[in-house]
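1. kindly generate the corresponding structure for this input.
(chains A and B)
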Number of protein chains: 2
Amino acid sequence: MKQLEQKILEEGIVLNENVLKVDSFLNHQVDPQLMFSMGQAFAAFFEGKGITKVITLESSGIAPAVMTALQMNVPLLFARKRKSLTLKDDLYTEKIYSFTKQEESEVTVSRKFLEAKDRVLIIDDFLANGDAALGLARIAEQAGASVAGIGIVIEKAFQPGRNKLIELGYLVHSLARVASLTGGKVTFAPDLSGADSSN
Amino acid sequence: MKQLEQKILEEGIVLNENVLKVDSFLNHQVDPQLMFSMGQAFAAFFEGKGITKVITLESSGIAPAVMTALQMNVPLLFARKRKSLTLKDDLYTEKIYSFTKQEESEVTVSRKFLEAKDRVLIIDDFLANGDAALGLARIAEQAGASVAGIGIVIEKAFQPGRNKLIELGYLVHSLARVASLTGGKVTFAPDLSGADSSN
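-> Okay, the predicted model is just below:
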C-alpha cells in the first residue's frame, strides 16, 4: 500500500535494526484517514473469504481493525491483555510474548463471542516473530472457529513471522513489508499479493 | 442517541446497581457501524469548536474516538496505561483511578503530540466518577492545550462525574445517559443537549 509506505518513510523513526517507531500515525497518535484506507485495503484483499468477525489485540490493533470491520460489515472483537472486573468468566486464554515490550502477557477473549461457525480475520499492527497473530489464531481455534486470514499493517520481513504463519497454512497479507532497518533507513520488500489493487 | 439507547436495552447486561456490561458492542466485541454513527454524533455536536485533536484512553475509547477523529478530520491520540519499550521518554503522566477495575493506573501521552495551540476533544466510553476524563484533561492542560469538550458514550447519570466536570467548566456531551440500573433494569435520563440532532 503505497500511501502507508510513504507515511512510514516520512514519519517512521528507526530506533535500531529491529525497531521501527510509528507512534505518530499508528500506535499512539493515529491517522484516522489512513486507518480508513487500510480498512478498505484489507476488506478488498479478503473479500469473498466468508469472514464473519475481525479479531485483534488491544490496543494498537483496534484502530485499523475497526475500520476493516466497518468495511466488511462484521463485528470486531479485541482480545484483552488482562482480566478486568466486568470481564472475567468463560474466557479463551493464550500467552503471547511481545517482541516490542519483551514480556509475556496473557490475552483473553470471552467465549460467548466466538463460535465454531465463525471465520475470523486476524488484524494486527506489526508482524515480527508472529507470536501475537499465532496467539489469536490459537484462541479462534480453541473456539472451533476457522482462521480465514491474517492482515498485518507493517510486516518486518527480515523476521521469521511470515514464514512461520505461512508454514502453518495461514493466508497472510501485509500492507507494508519492511525488508530492512539497517543504517537507520527503511527499505521495503516487494508486495506478495497480486490481489492488492492499492499497491 | 436513540440507536445507542436501543442497543443498550437489547444487549446491555446489568451486573449490579453500578455496573452495566456492554461488551457485546462497545468494549470487547465492537459494532463498527454503531461506532461510525457515534463518531458522526460527536462530530456534529462539537462542530465549530476548533478541535485539532481527539484524545482517548486505551483500549475501550479507541473505537468510538477513531471514528470521531475520522469525521472531524483530525488526528486521534490515545493515552497509554503504562510504558512500553518504544514509548518511554518525554511523557505527560497522570494517575487515574478506574471505577470498573478498582485500581489506579498511570496514563501517559508523548509530549511531542500535544502543543499549547491544540484544542482537544476528550472521548471516553463511560463517565462514572469522571476520573478518566479529568486525567486526560489534566494531561492536555500540562501541555498548555485547551479542552474544547468531553464526549462520553455512556454516562452513568447517577454518579457524580458529569457534575464534577461541569463545575470545572468543561463542556460535556453524552450519547446515552443512564439514570438508574436499579432492579436489573436500565432507565435513561433526558438528553441535555438541544444540539444533538440524532436524539
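2. any weak-confidence spans in chain A?
-> Under the criterion pLDDT under 70, the flagged ranges of chain A are A:83-89, A:194-199.
3. partner residues bridging the residue sitting nearest the centre point of it?
-> Centroid-nearest residue in chain A: residue A:124, 1.4 Å away (criterion: Cα atoms, centre = their mean). Here residue A:124 sits in beta bridges with residue A:152, as judged by DSSP bridges.
4. you'd agree it is up against residue A:59?
-> No. Counting by Cβ atoms under 8 Å, residue A:124 stays clear of residue A:59, with 11.5 Å between them. In this view, the C-beta of every residue, glycine as well, is placed from N, C-alpha and C.
5. distance of the residue nearest to the centre of chain A from residue A:157?
-> In this view, residue A:124 and residue A:157 are 15 Å apart by Cβ to Cβ, to the nearest Å.
6. tell me which parts of chain A are close to chain B?
-> Of all the residues in chain A, those in contact range of chain B (Cβ under 8 Å from any Cβ of the partner chain) are A:15, A:19, A:21, A:23-25, A:28-33, A:35-36, A:58-59, A:62-63, A:66-67, A:69-70, A:73-78, A:80, A:84-87, A:100-102, A:109-110, A:112-113.
7. please, a ChimeraX command that selects the buried ones among the residues you listed?
-> Filtering these down to the buried ones (16 or more other Cβ atoms under 10 Å in any protein chain shown) takes a single ChimeraX command:
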select /A:19,21,23,24,25,28,29,30,31,32,35,36,58,59,62,63,66,67,69,70,74,75,76,77,78,80,84,86,87,100,109,110,113
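8. now, which of the residues of chain A next to chain B lie within strands?
-> Among the residues of chain A next to chain B, DSSP state E puts A:21, A:29-30, A:76-78, A:109-110 in strands.
9. kindly indicate which of those residues lies nearest residue A:52.
-> Distance to residue A:52 across these (Cβ to Cβ) is lowest for residue A:77, with 10.5 Å.
10. in the strand or helix carrying residue A:41, what counts as buried?
-> Using DSSP states H and E, residue A:41 sits in helix A:32-45. Using 16+ other Cβ under 10 Å as the test for burial, helix A:32-45 gives A:32, A:34-43, A:45.
11. tabulate these (a markdown table), appending distance to residue A:169.
-> As requested, those are exported to a markdown table (distance: Cβ to Cβ, whole Å):
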| residue | distance to residue A:169 |
| --- | --- |
| A:32 | 34 |
| A:34 | 30 |
| A:35 | 29 |
| A:36 | 31 |
| A:37 | 29 |
| A:38 | 25 |
| A:39 | 25 |
| A:40 | 26 |
| A:41 | 23 |
| A:42 | 20 |
| A:43 | 22 |
| A:45 | 18 |
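12. of these, which is the nearest to residue B:117?
-> Of all the buried residues of helix A:32-45, residue A:32 has the smallest distance to residue B:117: 20.1 Å, by Cβ to Cβ.
13. mind listing what the closest one touches?
-> When contacts are counted by Cβ atoms under 8 Å, 6 or more residues apart in numbering or on different chains, residue A:32 touches A:63, B:66-67, B:69-70, B:73-76.
14. then residue A:20?
-> A:8, A:12-14, A:154, A:156, A:178, A:181, A:186.
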